[in-house]
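>>> pasting a predicted model and its sequence here:
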Amino acid sequence: MSTIEKFEDLICWQKSRELVKEVYRALKDSKDYGFRDQIQRAAVSVMSNIAEGFERGTAQEFLNYLFIAKGSAGEVRSQLYVALDNQYLNIGTFKSLHGLAVECSRLLQSFIERVKGGSRRGLQFKHIPPPDSDKEILRHYAPEAYRRKYGEEP
């Protein structure tokens, strides 16, 4: 497994960036500025929370931001139905954007499970592995945070 050195290396971040680009493109001409602003902010929130969590110092903080990002992906999916129902999007564009949002959610869930050690038990604030395991999580998934915290190369 290759080491992820920056958030841009994360597939879930790359996919969320694509979601942002496509949401902006699809709704660029919408005159419903409040709605357009809300769905764009939700899409940006997905990629921003992945990045912010990656740059935090602990695995627990990282997991918290990944859960927030996953929630924002759900918000985008919900708002896409509003866009479809109000004919801001045609069915083809809706399906494409919805598929991207679902893929973001799936990638985030998979990554969350890997960061937590593969456990599907519990939710966000369930027990995080002890410090030795936390050190290993940082070493593999957030090497910059590892360097800051432990003063050594991962």
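Good, I have the coordinates. Residues are numbered from 1 along each chain as shown.
>>> and after the helix or strand containing residue 73, which helix or strand comes next?
For residue 73, the host element (DSSP states H and E) is helix 59-85. Following helix 59-85 in sequence order, the next helix or strand is helix 91-115 (DSSP H and E).
>>> so what's the gap between that next one and the chain middle?
Relative to the centre of its chain, helix 91-115 is centred 9 Å away, using Cα atoms, centre = their mean, to the nearest Å.
>>> pull out the buried residues from it.
Of all the residues in helix 91-115, those buried under the rule 16 or more other Cβ atoms under 10 Å are 93-94, 97-98, 100-101, 103-105, 107-109, 111-112, 115. Using the backbone N, CA and C atoms, a C-beta is placed for each residue, glycine as well.
>>> contacts for that helix, please.
10-12, 15-16, 18-19, 22-23, 26, 46, 50, 59, 62-63, 66-67, 69-70, 73-74, 76-77, 80, 83-84, 89, 119-120, 137, 141 (Cβ atoms under 8 Å, 6 or more residues apart in numbering).
>>> among those, name the buried ones.
Buried members of the contacts of helix 91-115, scored by 16+ other Cβ under 10 Å, are 10, 12, 15-16, 19, 22-23, 26, 46, 50, 59, 62-63, 66-67, 69-70, 73, 76-77, 80, 83-84, 89, 137, 141.
>>> ok, the residue lying closest to residue 53 once chain neighbours are set aside - contacts?
Using Cβ to Cβ, 6 or more residues apart in numbering and skipping residues adjacent in sequence, the residue nearest residue 53 is residue 65, 2.5 Å away. Residue 65 makes contacts with 49, 50, 52, 53, 54, 56, as judged by Cβ under 8 Å, 6+ apart.
>>> swap in residue 72?
Under the criterion of Cβ under 8 Å, 6+ apart, the neighbours of residue 72 are 42, 43, 45, 46, 49.
>>> give me the neighbour count for the first one.
It stands for residue 42. When counting by other Cβ atoms under 10 Å, one arrives at 23 neighbours for residue 42.
>>> do you know how far it is from residue 153?
In this view, residue 42 and residue 153 are 37 Å apart by Cβ to Cβ, to the nearest Å.
>>> equivalent analysis for residue 54, please.
Using Cβ to Cβ, we find residue 54 at a distance of 18 Å from residue 153.
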